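>>> Provided below are the primary sequence and the corresponding predicted coordinates.
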Amino acid sequence: MPLKRPPESGEKKKPGTLFVVATPIGNLSDVTLRALEVLKTVQFIAAEDTRHTRKLLTHHQIRKRLLSYHAHNAGQRGPVLMGKLLAGEDLALVTDAGTPSVSDPGEVLIREALHRGVPVVVIPGPSAVVTALVASGLPSCPFAFLGFPPSRGSARGRFLEAFATLPMTLVLYESPKRLARTLEELLQVWGDRPVAVARELTKLHEEVYRGTLSQAVQRFSAEVRGEVTLVVGGFVPRADTRRNDQDWLEDLESLLREKEIRLREAVEIVAARHGLPRRQVYGEALKRKESRE
């Protein structure tokens, strides 16, 4: 990388370059040669977790100043990083794994850099999204990346409902601690459909489980370890919609008449059995309940 010449008197100093550098998602050997060259030549590196990035740098014998930049300090650290860029220093932005700005605060810094006229250069590389999508065997075009679902509350329910009828493959991240719960809720809200559970990608204990949501619920009933990426088949409407509507409506009516089955249980059973969004079944169940009262 050529050295910048010092500005002449009265000349406005040019900003540095923000390099957005993809790093390995597990295997340290997956870093690209271009990424290593950039990490060696920039003035400093902004990292999500400096301890994690230090391991990568040490593995490749790179000594460089590290500054932390993550969701909890982005408001304070962002202006500091921008000041350095505007002063002419080059910065490499990295995340713990994969490409910055994908489910991390990197997008805020990138957007501000572009707004300020700072050159942004992306150094492509490993991505858990693409790796899991390819390994899943599910259709890769089109697909949608949903990031992390909200961890709790009504926002989580709205999130799941919003994407229930998208007719494309869906990719999302999830904490291993919430995997079992998420699979159960996906089955309830989205209905049974194909899924791949990718865990510890590129690492020694890499696992890609392929099956249906109902099968995955059984397989991952206990807590697992490692980073998890879920790839779920898109919504597929039935060919004979009128016949299908009649089938699930009759099924719902039959379950609602059984005194030992609660309304919510009936909704979950019908949604899973017929591959329907839970909200659609729940709305119909409420109407039928109110008509009886």
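Looks like it arrived, so ask away. Fair warning: this is a prediction, and the values are worked out from it, not measured in the lab.

>>> where does the protein have low pLDDT?
Along the chain, segments meeting pLDDT under 70 span 1-12, 238-244, 293.

>>> where exactly do the helices run in it?
33-41, 50-59, 74-86, 106-115, 128-136, 153-162, 179-190, 213-219, 241-256, 263-274, 278-292 (DSSP state H).

>>> And the third one, how far out from the chain middle?
A distance of 25 Å separates the C-alpha centroid of helix 74-86 from that of its chain, computed with C-alpha atoms, centre = their mean, to the nearest Å.

>>> Flag every buried residue along it.
74, 77, 78, 81, 82, 84, 85, 86 (16 or more other C-beta atoms under 10 Å). The C-beta positions use only the backbone N, C-alpha and C, and glycine is treated the same way.

>>> The nearest residue to the first one once chain neighbours are set aside - how many residues pack around it?
When you say that, I think you mean residue 74. Once flanking residues are discounted, residue 74 sits nearest to residue 105: 4.3 Å by C-beta to C-beta, 6 or more residues apart in numbering. Residues within reach of residue 105, counting by other C-beta atoms under 10 Å, total 21.

>>> Next up, the contacts around residue 105.
Residues in contact with residue 105, defined by C-beta atoms under 8 Å, 6 or more residues apart in numbering, are 69, 70, 71, 74.

>>> Kindly recompute the last result at 7 Å.
70, 71, 74 (C-beta atoms under 7 Å, 6 or more residues apart in numbering).

>>> about what we covered before: in a markdown table: the helices of the chain, plus distance to residue 144.
What follows is these, written out as a markdown table (distance: least, C-beta to C-beta, whole Å):
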| stretch | distance to residue 144 |
| --- | --- |
| helix 33-41 | 27 |
| helix 50-59 | 28 |
| helix 74-86 | 25 |
| helix 106-115 | 17 |
| helix 128-136 | 10 |
| helix 153-162 | 11 |
| helix 179-190 | 13 |
| helix 213-219 | 17 |
| helix 241-256 | 24 |
| helix 263-274 | 21 |
| helix 278-292 | 19 |
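
>>> closest to residue 235 out of these?
Residue 235 lies closest, by C-beta to C-beta, to one member of the helices of the chain: helix 179-190, at 7.3 Å.

>>> which residues sit against the closest one?
For helix 179-190, using C-beta under 7 Å, 6+ apart, the contacting residues are 149, 160-161, 164, 174, 213-214, 216-217, 220-221, 223-224, 228, 232, 268, 271-272, 277-278.

>>> Now restrict these to buried residues only.
149, 160-161, 164, 174, 213-214, 216-217, 220, 228, 232, 268, 271-272, 277-278.

>>> For residue 173, which non-adjacent residue is spatially closest?
residue 148 (4.9 Å).

>>> And residue 67, by the same measure?
residue 46 (5.2 Å).

>>> for the residue nearest to residue 173, what are its contacts?
103, 173, 174.

>>> so what's the backbone phi/psi at it?
phi -90, psi 130 (degrees, to the nearest 10).

>>> Quickly note the distance from the closest residue in space to residue 247 that isn't next to it in sequence to residue 97.
The shortest distance from residue 247 to any non-neighbouring residue, by C-beta to C-beta, 6+ apart, is to residue 274 (6.8 Å). Using C-beta to C-beta, to the nearest Å, one obtains 38 Å as the distance from residue 274 to residue 97.

>>> Please identify which of those two sits among more neighbours.
Set residue 274 next to residue 97 and count neighbours by other C-beta under 10 Å: residue 97 wins out with 22 against 19.

>>> Let me know whether that one touches residue 25 as I believe.
Yes: the criterion here is C-beta atoms under 7 Å, and residue 97 meets it with residue 25 at 4.3 Å.

>>> Now the common contact residues for these two.
Counting by C-beta under 7 Å, 6+ apart, the contacts common to residue 97 and residue 25 are residue 128.

>>> Near the residue nearest to residue 67, how many residues? Count them for me, please.
Residue 46 has 27 nearby residues by other C-beta under 10 Å.

>>> cool, residue 231 as well?
25.

>>> Please apply the same query to residue 72.
9.

>>> Appreciated, that's everything.
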